[in-house]
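In: Mind looking at a prediction? Sequence and model below.
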Amino acid sequence: MTRIAVGAALVALMLLVSMSAPAQDKPMSVGAGVDLMLPMGSFGDQWSTGFGGTGEFDYSVSTHTSITGKIGYLTWSGKQSYYTSLALASFSASYSGVPLLVGVKYYPHLFLTQSSSPVRVYGHFEIGFMFSSSSASGTYKSYIGTRSYSVSESKTDITIVPSVGAEIPVVPNGCVDVSIRYFDIASHGSLGFRAGYKMTIG
């Protein structure tokens, strides 16, 4: 909980600072991307590589800072090698969910768009919730023959996502947006890679 409180305080502080700076002429943009998630630690012992997609809304409050909102869908499949024992005849499992995040994106002064270097590098901190569901089913061998089982669970977890990325302009109002992040869902972490497209809308 201390980590969550520190993260929330950091977001609040950055918002207060950014609100005092002048906004850009075209402050709003939207984007969508595909996500590749590599589970880490004990989470990686149980689950295989995750996939999904996310959409993001950015509102620029200054040249250097944007407030962001993100929603998407992510899914992982269970590792057969982790769950299968000599008693199990078959097994399948899945873990999926909808992340709902808000955050602050910061573009350092050093990496602001210039004619000689149009790429904009940023740091991004997000916090929110993961509305997830997991299920497992299979068959196992017992003394009276093969039997089947099925379990499922739904839950909501605090989620924290620090990341770094870059926006690469391809047209006047659009850019390719790539980033690397650490997706922490209730202390279950995944190293994430996202590639998408972002365009200015107003």
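Out: That came through, no problem. Residues are numbered from 1 along each chain as shown.

In: Can you list the neighbours in contact with stretch 189-200?
Out: With contacts defined as CB atoms under 8 Å, 6 or more residues apart in numbering, stretch 189-200 is touched by 26, 28-41, 43-44, 50, 54, 56, 58, 161, 163, 165, 167, 173-183. C-beta coordinates here come from the backbone N, C-alpha and C atoms, glycine included.

In: Now it: average pLDDT?
Out: Averaging pLDDT along stretch 189-200 gives 95.

In: since we're on Ser154, how many residues are nearby?
Out: Ser154 is flanked by 10 other residues according to other CB atoms under 10 Å.

In: so what's it bridging to?
Out: Ser133 (DSSP bridges).

In: Okay, it and Gly123: tell me how far apart.
Out: Distance of Ser154 to Gly123, computed by CB to CB, to the nearest Å: 33 Å.

In: So Phe131 sits against Ser96, correct?
Out: No. Applying CB atoms under 8 Å as the test, Phe131 and Ser96 come out as separate, 9.9 Å apart.

In: Which residue of these two possesses the greater neighbour count?
Out: Neighbour count, other CB under 10 Å: between Phe131 and Ser96, Ser96 has more, with 18 against 15.

In: what is that one paired to in the beta sheet?
Out: Ser96 has these beta-bridge partners by DSSP bridges: Thr75, Ser133.

In: where's it relative to Arg120, distance?
Out: Shown here: Ser96 relative to Arg120, a distance of 32 Å by CB to CB.

In: tell me the contacts of Ser154?
Out: With CB under 8 Å, 6+ apart, Ser154 has these contacts: 131-133.

In: just these now: which is nearest Ser148?
Out: Nearest to Ser148 among the contacts of Ser154: Ser133, at 20.0 Å, using CB to CB.

In: Can you report how many residues lie near the closest one?
Out: For Ser133, the count of nearby residues is 14 (other CB under 10 Å).

In: quick one: terminal-to-terminal distance for stretch 41-61?
Out: End-to-end distance for stretch 41-61: 37 Å, by CA to CA, to the nearest Å.

In: avg pLDDT for it?
Out: Averaging pLDDT along stretch 41-61 yields 92.

In: What are the boundaries of the helices in the protein?
Out: For the chain, the helices defined by DSSP state H cover 2-19, 41-46, 80-83.

In: Select from the ones you listed the stretch with the lowest mean pLDDT.
Out: Between the helices of the chain, the one with the least mean pLDDT is helix 2-19; it has a mean of 46.

In: For this structure, identify the residue most remote from the centre.
Out: The centre of the chain is farthest from one residue, Ile144, which by CA atoms, centre = their mean lies 45.5 Å away.

In: mind listing the strands for the chain?
Out: Ranges of strands within the chain are 28-39, 50-60, 65-77, 88-106, 120-142, 145-171, 174-185, 188-200, based on DSSP state E.

In: what about the residue lying closest to Ala136 once chain neighbours are set aside, neighbour count?
Out: The shortest distance from Ala136 to any non-neighbouring residue, by CB to CB, 6 or more residues apart in numbering, is to Ala93 (4.0 Å). Residues near Ala93, counting by other CB under 10 Å, number 20.
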